[in-house]
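Colleague: Take this sequence and fold it.
(chains A, B and C)
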Amino acid sequence: MSHTIDVAYVAELARLELSPDEKSLFQKQLETIVQYVEKIGGLDVEGIEPTMHGQALVNVFREDVVVPSAERERFLANAPERSGCEFKLPKIVEDA
Amino acid sequence: MSRYLVTIGLETHVQLKTATKMFCGCSLRFGAEPNTNVCPVCLGYPGALPVMNREAVRLTVVSGLMLGCGINRHSTFDRKNYFYPDMSKDYQISQNTHPLCVGGGVTIRMPEGERRVRINHIHLEEDAAKINHYARHSGVDFNRCGTPLMEIVSEPDLSSPDEAMAYLQALKQILLYAGVSECNLEEGNMRSDVNISVRPEGQETLGTKVEIKNMNTFKGIYAALEYEIARQLAAVSRGGVIVQETRRWEPDLGETQPMRSKENAHDYRYFPEPDLVPVSLDEALVAEWRAALPELPAARRERMVAEYGIPEYDAGVLADAKENADFFEAAARQCGKGLGKTVSNWFMTEVMRLLSEGGRTIAECALTPEALAELVALVDSRVINGPTAKELLPELFASGGMPGALVKARGLGQVSDVSALEGLVEQALAANPKSAEDYRAGKKAAAGFLVGQVMKLSKGKADPQLVGRLVAEKLAGQA
Amino acid sequence: MDIASLTVCEAAEGLRKRAFSSVELTRSVLDAIGAKDGELNAYLSVDAEGALRQAAEADAARAAGADGALLGVPVAVKDLINVDGQPCTCASKILEGYTSAYDATVSARLRAAGAVFAGRTNMDEFAMGSSTEGSAFKVTRNPHDVTRVPGGSSGGSAAAVAGGEALAALGTDTGGSIRQPAAFCGCVGLKPSYGRVSRYGVTAYASSLDQVGPMTRTVEDAAVLLQALAGRDPRDGTTLDVPVPDYRAALKGGLKGLRIGLPKEYYIEGTDPEVMACVRRAVDACAAAGAEVVEVSLPHTEYAIAVYYIVATAEASANLARFDGVRYGHRTASPESVFELYAKSRAEGFGTEVKRRIILGTYVLSSGYYDAYYGRAQKVRTLIRRDYAEAFKRCDVMMTPVAPTAAYRIGEACDDPLKMYLGDIFTVPANLAGLCGLSVPCGRTAAGLPVGLQVLGPAFGEETVLRAAYAYEREVRS
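Modeller: Residues are numbered from 1 along each chain as shown, chains lettered A, B, ... in the order given. Predicted coordinates:
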């Protein structure tokens, strides 16, 4: 398993702009950490089911009943920028 | 010139007809003011957690059963990680490894014959918010964010835009029958992305796949497919290469264009959603849901033929929209045996004409099955004649009410008194001596003309069959 | 009254007897904060007006005949637990200016019990850290030695309780963040079993590991707080429908006949000898009081840190994606693209440790690496859970050190992240296995630094853990 992490690519995936210093710091530190965590590679996990949740539970549902929303002002008040009753964005967005 | 084969697959997103969102109790009422159906959960606030809407699961399983899918007894949810302003958590909760339904398919009827289009799987996920674009900024409305979305992924079994249309129409009909979605395209209830590739005939492997997004109507999908097929064929016949990419359908330009955003190359980093425990469906529950399934359109057609004695063609027309079939059956049941075809005729000719003239659905008009049944019965028992009934129908259609009451109030009952009608027949003959001559000369149609004259004289109230008999007798008697 | 040593139970008794009012009690706590927090930096924000208003309401309710173990009692909360109308910075610049628009379930339960919100405590940013030095705003100091760290990530809560600035506080524990600061600061800290207490409204770090728990002066206080917090929450689909027992009644069981397991993998070289000595002394004292001590083995212990730093960072990388400058929090000025909106807002808002863990978590989930890291780690997690299940067949609780050292100096551990991560070796497995565990003070080093005894129990075995800790604290500890 190669220890060369493409920090720039991963940072892009995570939408984190890193300074050159941060990039080289993380490159070093993460390779050390990853090398350490790779010790789990030495274990035989053949036939072992993964643990995907904190406890084993199934079928937790909510009923399809409306719960009234709080006033929208509470949420819009936290918006970094708002335009009327919408969360405002600069004109940089393309339709998905 | 070598022939090319087209391969099309569709991913159809269907908004489910639940009262609340996928993971929170926010209302899904259409047309609400922006950002009024929101809460910490669907806004992706720090600390918010999703809880699964049981009804959304049921509707998805019902859809799967209607489409002949296998239902996964153990089903799980996954996080699909990507950043976009319409994503309140910057990950979408979806299903990647163990979707609710697998397999299944839809039969489409093409001119060449029937074809089966296979379904790969159906999974449940949440819808994104709506971004509105203005002159100098964009605004996000999170009302839609978190709406339960059922994604139906077909196998690449379609080979033309016509087949794609047939598939979508058949799918829509089944989903409407299942009652899982309004399937209203204007409201965005059913959106599709398409994958399309071309390859030379004889080549086994499929060509490079291009994904097309942003088609909001069936017409749009058709136009986009036509354009894209032409584009790809033009490229390959020039010796060019098709780039694997996602393209956007631009309806105003009539073209597909490559999407500019970096969002193209996605590493979704799927992993199991830790906040949602698996769904485990036992046999008994699935059997319970299967037993409560509404009829499939094909089964309904067959049953209506058998039960009401109507031809297959009629059943097809009536069953095309579930609500029309519901209306027909409600009316036919009240009419009693033998009148099935009559009711069907009334519905298919008169009622459907009124529906298409008014641009409405049967649910939106005031005519009730009871009223139609009574109308048919009144004609059948000869209380009124056909033309009178035809005149009454538009009023019942627009304002409701029962025809019997109207007939009584306005004295519309047909005249069946022989002596009164004989008088009118004498009158008509006297006024039209040439008709009698024509009849004696062999022009039998002259009798019909005379019947029409008698109807006029009676202001349309005469019993036309009786008039016909009397006219024939009179003419014969004069011979 | 002496706020610095008053327990929640004593306060409730005093309020009941009308020895003092909730307003007086709350004012004393606020005064203590005013006097001490300039040095300790345990608090990020205090709403004195709001607290006194709540206290007055509690007094009025009491006058009208209401009562309850927490009625009118001031409790501090870690600054990642949403309280409607209050800030919730998570000790991060990315949430400066954010105001909670709703109550976390634990906040609502405290409110319903009539508790008073005393203030919001400092923490490592987004709960990522073991010293509280990761806070974007302040460095909290250990009340026993202000040149040293209080532990983390719930260092503010621990310092407030241990430093006489709070009667009790809520913390969160993902890999030891309640137990370790409790040990470093010399107070009690309980991590409930996963699924015992609701996470709704608690900013998520690692969804399958996080739990909210009490940090208090005594074990009995911890039981009282757990009583108020525990129980299934329809808003948190990972809480279990397990009935909530009477935790206070369960305290009185005593140590006789209790089987205490000592996992041999926790009693190893590398742990500070003074820490080890305190722990062993505590275990011996329990044995002398009638408990049966057995050696057990948890063979996969050495892999726990590796598993934790894969699983927790992976989940965190997704949980922290929502901090994007769109709906709340910090947004960068003048972004020229959607990409820049995100990348710059997050770069400006997040601290170094948070960025580091997001990158690690994103990496282990990225295409081609899932099977080797996350996928495999979750399988090793199963092996770790099995170890505990096996061992708990032979014992009722386990006793271990909480951390390999006592509190270290501020600034000492900053440069080597892996070294800091390895300090979580004794606490992380309980989160991976969903167990409950607490830290109870069990002595001091020669330098006067507190040492904590960890008492671990099986999932939903809080009664037994509390019973063992209570007996140790009240009857046995010298």
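
Colleague: What residues sit buried inside the helix or strand hosting B:Ala306?
Modeller: Using DSSP states H and E, B:Ala306 maps to helix B:297-308. Across helix B:297-308, burial judged by 16 or more other CB atoms under 10 Å in any protein chain shown covers B:Pro297, B:Arg300, B:Arg301, B:Met304, B:Val305, B:Tyr308. For every residue, glycine as well, the C-beta is placed using N, CA and C.

Colleague: In those, which has the lowest confidence score?
Modeller: Lowest pLDDT within the buried residues of helix B:297-308 is found at B:Pro297 (86).

Colleague: just checking, that one touches B:Ala178?
Modeller: No. With contact defined as CB atoms under 8 Å, B:Pro297 does not reach B:Ala178; the gap is 10.2 Å.

Colleague: tell me which strands and helices the helix or strand containing A:Ser24 is in contact with?
Modeller: Per DSSP H and E: A:Ser24 is located in helix A:20-37. Here helix A:20-37 is seen to pack against helix A:7-13, helix C:304-319, helix C:352-365, helix C:417-422 when contacts are counted using 3 or more CB pairs under 8 Å, 6 or more residues apart in numbering or on different chains; DSSP states H and E.

Colleague: Centre-most residue in the chain?
Modeller: Because you didn't say which chain, this covers chain A. Using CA atoms, centre = their mean, the residue of chain A that lies closest to the mean C-alpha position is A:Ala14, 7.1 Å off.

Colleague: Let me rephrase: I mean chain B.
Modeller: B:Gln173 (4.9 Å).

Colleague: List the residues that contact the nearest residue to that residue once chain neighbours are set aside.
Modeller: Distance criterion CB to CB, 6 or more residues apart in numbering or on different chains; nearest residue to B:Gln173, sequence neighbours excluded, is B:Pro297 at 5.4 Å. Neighbour list for B:Pro297: B:Gln173, B:Ile174, B:Tyr177, B:Ala319, B:Lys322 [criterion: CB atoms under 8 Å, 6 or more residues apart in numbering or on different chains].

Colleague: can you map out the helices along the stretch 51-200 of chain B?
Modeller: Using DSSP state H, counting those that start in this stretch, the helices of the stretch 51-200 of chain B run over residues B:54-66, B:161-178.

Colleague: Quick one: residues in contact with the first one.
Modeller: Which is helix B:54-66. With CB under 8 Å, 6+ apart, helix B:54-66 has contacts from A:61-64, B:14, B:16-19, B:22, B:70-71, B:100-101, B:104, B:122-124, B:148, B:150, B:152, B:174-175, B:177-181, B:279, B:281, B:286, B:289-290, B:293-294, B:296.

Colleague: Try it again at 6 Å.
Modeller: A:61, A:64, B:16, B:18, B:22, B:71, B:100-101, B:122, B:124, B:148, B:150, B:174, B:178, B:180, B:279, B:289-290, B:293 (CB atoms under 6 Å, 6 or more residues apart in numbering or on different chains).

Colleague: swap in the last one?
Modeller: Helix B:161-178 has contacts (CB under 6 Å, 6+ apart) with B:8, B:62-63, B:66, B:106, B:108, B:117, B:158, B:181, B:183, B:218, B:222, B:225-226, B:294, B:297, B:322.

Colleague: what residues does chain B put near chain C?
Modeller: Within chain B, the positions near chain C by CB under 6 Å from any CB of the partner chain are B:40, B:43-44, B:46-47, B:49, B:51, B:79, B:81, B:83, B:85, B:89-91, B:262, B:267, B:269, B:271, B:274-275.

Colleague: Please name every helix or strand in contact with the top strand by length along chain A.
Modeller: Assignment by DSSP state E gives strand A:86-90 as the longest strand of chain A. For strand A:86-90, the elements it packs on are strand B:137-141, judged by 3 or more CB pairs under 6 Å, 6 or more residues apart in numbering or on different chains; DSSP states H and E.

Colleague: Please consider this matter closed, and thank you.
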